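Asks: no sequence on this one, just coordinates:
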């Protein structure tokens with residue numbers, strides 16, 4: 001079994017702009033998606049890169065993928081990162097280049113300490129501290145911590161690359177425009193059904209809680225989850241299905257760090273794309289966001305404590321902390337604590 005993976009919304013149909021003939025069903029829903037942001041990170045001598053993130057409930061923190069704010073194996077932080085919020089009525093706005101967007105600088109990076117920098121890693125998550133509170137129109141989100149995600153449907157959003165055709169062609173348009181759609185969690189790599197097969201298969205990082213969703217065309221030929229499961233003698237409704245209908249989407253470069261919502265809360269974030277080739281459903285044997293590819297997702301219930309510890313405490317929490325430390329509270333203030341390129 002050979003595979004191709006990359007840290008990387010392409011819809012069933014066209015997700016192009018209105019002028020380009022795109023289907024409006026993939027446009028953002030307001031105000032539901034007003035807290036989904038474009039993240040532009042710049043590394044001196046390397047360039048600028050785009051990712052997606054989501055505003056957390058403290059309104060000063062954004063959750064995204066760890067690889068969005070680390071440069072390769074050395075995990076170097078960006079020299080500069082800016083988050084762009086947009087709550088206007090133009091569904092085709094390029095968030096990082098729109099006069100009505102609100103730009104907020106990032107001052108601190110909190111990358112999960114267990115993140116290895118490998119492409120497939122269940123710890124690919126980071127929290128960004130903003131220089132100021134998010135604008136009032138931005139929607140803030142709580143973390144979904146309902147446990148195992150297998151089989152659950154979700155809404156996904158991101159500013160990654162798009163397509164003027166859909167899953168038959170994959171991503172062939174630029175990034176920066178917010179799109180959304182639906183899918184469902186197929187399985188996690190550490191499911192007992194696989195008997196530990198995936199442990200060490202992709203590298204050394206932990207993948208036990210790395211969840212996959214597949215990009216279905218509505219044809220059994222491209223039902224990647226079912227075809228992979230069949231190789232293990234597995235099947236049935238848990239692994240086999242033809243998608244969620246017209247709003248079925250897959251992620252693309254630039255969607256990294258973007259949210260998967262269940263009941264308005266962030267259940268996971270986009271981490272990577274994965275293909276096992278045409279023998280397992282990919283339409284063209286190329287990792288390019290076409291039908292028959294997997295999207296790799298990092299569940300936030302696994303990282304809830306890390307995320308909450310990185311967020312800005314409520315004023316009442318600060319008061320409790322300082323009160324608990326007594327006079328030492330005064331000294332507390334002295335202590336310091338890759339994705340698709342822009343076209």
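Replies: Arrived safely. It should be emphasised that the depicted structure is a prediction, and the values quoted were computed from it without experimental measurement.
Asks: what ranges of the stretch 51-200 of the chain fall below the confidence cut-off?
Replies: Along the stretch 51-200 of the chain, segments meeting pLDDT under 70 span 72-74, 165-170.
Asks: Run through the strands of it in chain order.
Replies: Taking DSSP state E, counting those that start in this stretch, the strands of the stretch 51-200 of the chain run over residues 61-64, 80-85, 102-111, 126-130, 153-158, 179-184, 187-188.
Asks: ranking these by burial, who's on top?
Replies: strand 61-64 (a mean of 26; mean count of other C-beta atoms under 10 Å). For the C-beta atoms, the positions are set from N, CA and C on the backbone; glycine is no exception.
Asks: Just list what that strand packs against, helices and strands only.
Replies: strand 36-43, strand 47-55, strand 126-130, strand 265-275 (3 or more C-beta pairs under 8 Å, 6 or more residues apart in numbering; DSSP states H and E).
Asks: Quick one: the helices in the stretch 101-250 of the chain, in order.
Replies: Listed in chain order, the helices of the stretch 101-250 of the chain (DSSP state H, counting those that start in this stretch) span 224-230.
Asks: and residue 44, how far is that from residue 80?
Replies: 9 Å (C-beta to C-beta, to the nearest Å).
Asks: let me fix that: residue 110
Replies: In terms of C-beta to C-beta, residue 110 sits 17 Å off from residue 80.
Asks: Then residue 129?
Replies: 14 Å.
Asks: Quick one: neighbours of the residue nearest to residue 226 when sequence neighbours are not counted, just the number.
Replies: Leaving aside its sequence neighbours, residue 226 sits nearest to residue 240 (C-beta to C-beta, 6 or more residues apart in numbering; 3.6 Å). Neighbour count of residue 240, defined by other C-beta atoms under 10 Å: 16.
Asks: do the same with residue 235
Replies: Count around residue 235 with other C-beta under 10 Å applied: 12.
Asks: Tell me how far the residue nearest to the spatial centre of the chain lies from residue 231.
Replies: The centroid of the chain falls nearest to residue 270 when counting by C-alpha atoms, centre = their mean (2.4 Å). Distance of residue 270 to residue 231, computed by C-beta to C-beta: 25 Å.
Asks: what about residue 308, distance to residue 94?
Replies: 32 Å.
Asks: my bad, residue 255
Replies: 15 Å.
Asks: more neighbours, those two?
Replies: Comparing residue 255 with residue 94 by neighbour count (other C-beta under 10 Å), the higher total belongs to residue 255, at 35 against 19.
Asks: In this structure that one contacts residue 159, no?
Replies: Yes - using C-beta atoms under 8 Å, residue 255 makes contact with residue 159 at a distance of 7.1 Å.
Asks: quick one: average pLDDT of stretch 253-271?
Replies: Stretch 253-271 carries an average pLDDT of 97.
Asks: same question but for stretch 302-320, I mixed them up
Replies: On average, stretch 302-320 scores 79.
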